[in-house]
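**Student:** show me the folded form of this:
(one chain, ligands or ions: 1)
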Amino acid sequence: MIQQNINLQPYNTFGLAVNAANFCEFSNIEELKDAISKFKDQPLLVLGGGSNMLLTKDVQGLVLKNNLKGIELVKEVGNDVWIKSMAGEVWHDLVMYAIENGYGGIENLSLIPGSVGAAPMQNIGAYGVEVKDVFDSLEAYNIENGNIEVFTNDQCQFGYRESVFKRSLKGKYIIVSVTLKLTKHSEINTSYGAIASELENMGVSQAGIKEVSQAVINIRQSKLPDPKEIGNSGSFFKNPVIGKSQFEQLKAKFPDIVNYPVDENHVKIAAGWLIDQAGWKGKTIGNYGVHKNQALVLVNYGGAKGQDIYQLSEDIMKSVKDIYGIDLEREVNVI
Ligand code: EPU
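**Tutor:** Below is the predicted model:
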């Protein structure tokens with residue numbers, strides 16, 4: 001059913017109130033096909049969990065809310081299991097399903113807000129794991145011809161918070177389902193320092209996937225605001241990657257700069273550190289601002305406008321550029 005003039009506030013984790021001229025929640029492919037056919041040549045916006053977007057204005061054309069549900073075990077070979085989840089499932093519900101069944105691989109990605117369909121779109125990642133590490137394939141609806149097409153891991157061209165669906169195929173496909181290859185023989189990944197120390201805090205000596213998941217949940221809850229309480233979109237910016245020589249110069253001037261080696265010639269810098277050091281952490285402007293525990297997260301305390309948050313992000317980017325000469329890039333999609 002297509003509805004007119006719908007407030008999108010409940011459908012985006014920033015909690016921004018903008019109107020959709022037309023809105024359709026689809027629970028099967030026929031409904032999707034039908035809605036799209038009525039809005040040929042008009043702009044389409046697909047919402048999953050609405051956790052990675054900043055809505056700055058009313059949305060024309062058609063807004064589609066992906067409500068395709070279902071999780072199933074499709075194949076099992078030795079210790080390997082292939083789990084297919086429809087794109088409208090909540091990502092964390094899929095993580096919990098995996099943990100309850102003893103399937104390892106995505107426990108480090110616990111509590112990431114958003115839907116399953118959005119996960120490959122931007123190759124979600126946290127605590128040393130990215131979805132591409134366990135990704136098998138996905139099915140996507142080709143908006144132009146209505147066919148369902150399969151994309152393998154390689155075809156998705158995953159990068160750091162990147163995939164082909166954010167680049168050359170942007171706006172051309174709607175992700176319908178995602179298949180992950182998980183394992184019953186779980187080797188946990190606690191390479192990320194914070195997990196090891198949280199497990200210690202929890203008094204766990206023999207950690208399995210359940211304990212790692214709980215450690216990640218604890219860390220996230222202590223650092224990141226819950227979108228149900230304070231509107232936000234997780235990391236607003238990406239961690240920038242810069243050249244080695246620029247890094248050496250910065251390091252000489254700012255010896256504490258938090259960095260991770262990428263390859264011989266590149267270094268990734270913690271954007272949260274840059275923004276924090278530039279004095280933005282905890283800054284509040286009326287009903288929006290920069291979160292007090294994590295400078296990478298911009299927040300809406302209630303009633304803020306997307307435009308204001310966008311302007312705040314511009315100001316932060318300018319200040320980081322002035323101080324460090326680094327161009328920050330937004331992780332969220334600005335609509
Ligand atoms: N830092 C500060 N001040 C801050 C925030 C961070 O000094 O306000 C420093 C921290 O002390 C730490 C470093 O920056 O030394 C990195 O911080 P953290 O470990 O919190 O991770 P991050 O780089 O800020 C990234 C991802 C997160 C992911 C975490 C954990 C990006 C853009 N963000 O954050 O992903 O959960 O690592 O793996 O890559 C997301 O994408 O929405 C997201 C939350």
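
**Student:** hey, let's count contacts and neighbours off CA atoms from now on
**Tutor:** Noted.

**Student:** and the longest helix anywhere in the chain, what does it pack against?
**Tutor:** Using DSSP state H to define each element, the chain has its longest helix at helix 306-324. For helix 306-324, the packing partners by 3 or more C-alpha pairs under 8 Å, 6 or more residues apart in numbering; DSSP states H and E come out as helix 271-277, strand 288-290.

**Student:** take these and lay them out in a markdown table including mean neighbour count and distance to E31.
**Tutor:** Converted to a markdown table, these look like this (neighbours: other C-alpha atoms under 10 Å; distance: least, C-alpha to C-alpha, whole Å):
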| stretch | mean neighbour count | distance to E31 |
| --- | --- | --- |
| helix 271-277 | 21 | 41 |
| strand 288-290 | 24 | 37 |
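
**Student:** what's the burial count for Q122?
**Tutor:** Counted with other C-alpha atoms under 10 Å, residues neighbouring Q122 total 23.

**Student:** ah, wrong one, I meant V46
**Tutor:** 19.

**Student:** what's in contact with whichever helix or strand comes after the longest helix of the chain?
**Tutor:** Following helix 306-324 in sequence order, the next helix or strand is strand 333-334 (DSSP states H and E). With contact meaning C-alpha atoms under 8 Å, 6 or more residues apart in numbering, strand 333-334 is reached by N52, M53, L54, L55, T56.

**Student:** stretch 119-137 now?
**Tutor:** Taking C-alpha under 8 Å, 6+ apart as the rule, stretch 119-137 contacts 82, 91, 105-106, 108-109, 150-153, 156, 158-166, 178-182, 189-192, 195, 216.

**Student:** ok, the helix or strand containing L45: who's next to it in the sheet?
**Tutor:** L45 is part of strand 44-47 when elements are defined by DSSP H and E. Looking at strand 44-47 with DSSP bridges, its partner strands are strand 59-66 (parallel).

**Student:** can you list contacts of the helix or strand following the partner strand?
**Tutor:** On the C-terminal side of strand 59-66, the nearest following helix or strand under DSSP H and E is strand 71-77. The list of residues contacting strand 71-77 from outside it, by C-alpha under 8 Å, 6+ apart, reads V81, W82, I83, K84, S85, M86, L94.

**Student:** try it again with 6 Å
**Tutor:** With contacts defined as C-alpha atoms under 6 Å, 6 or more residues apart in numbering, strand 71-77 is touched by V81, W82, I83, K84, S85.

**Student:** out of those residues, who's the most crowded?
**Tutor:** Compared across the contacts of strand 71-77, S85 has the highest neighbour count, 25 neighbours, by other C-alpha under 10 Å.

**Student:** off-centre distance for the longest helix of the chain?
**Tutor:** 21 Å (C-alpha atoms, centre = their mean, to the nearest Å).

**Student:** list the buried residues in it.
**Tutor:** By 16 or more other C-alpha atoms under 10 Å, the buried positions in helix 306-324 come out as G306, D308, I309, Y310, L312, S313, I316, M317, S319, V320, Y324.

**Student:** hmm, E331 and F237 touching each other?
**Tutor:** Yes - F237 is within contact range of E331, at 4.6 Å (criterion: C-alpha atoms under 6 Å).

**Student:** is it true that V267 lies in a helix?
**Tutor:** No - read with DSSP: H, G, I helix; E, B strand; the rest coil, V267 is strand and lies in no helix.

**Student:** kindly export stretch 58-70 (C-alpha atoms) in PDB.
**Tutor:** The C-alpha coordinates for stretch 58-70 follow below in PDB (Å, rounded to 0.1, in the frame of the first residue of the first chain):
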ATOM      1  CA  ASP A  58      11.500  16.400   2.600                       C
ATOM      2  CA  VAL A  59      11.800  13.500   0.200                       C
ATOM      3  CA  GLN A  60      10.000  13.600  -3.200                       C
ATOM      4  CA  GLY A  61       9.200  10.500  -5.300                       C
ATOM      5  CA  LEU A  62       8.900   7.200  -3.500                       C
ATOM      6  CA  VAL A  63      10.400   6.100  -0.200                       C
ATOM      7  CA  LEU A  64      10.500   2.300   0.200                       C
ATOM      8  CA  LYS A  65      10.800   0.600   3.500                       C
ATOM      9  CA  ASN A  66      12.300  -2.900   3.200                       C
ATOM     10  CA  ASN A  67      10.300  -5.300   5.400                       C
ATOM     11  CA  LEU A  68      11.400  -8.600   3.800                       C
ATOM     12  CA  LYS A  69      11.800 -11.000   6.700                       C
ATOM     13  CA  GLY A  70      13.100 -14.500   7.300                       C
END
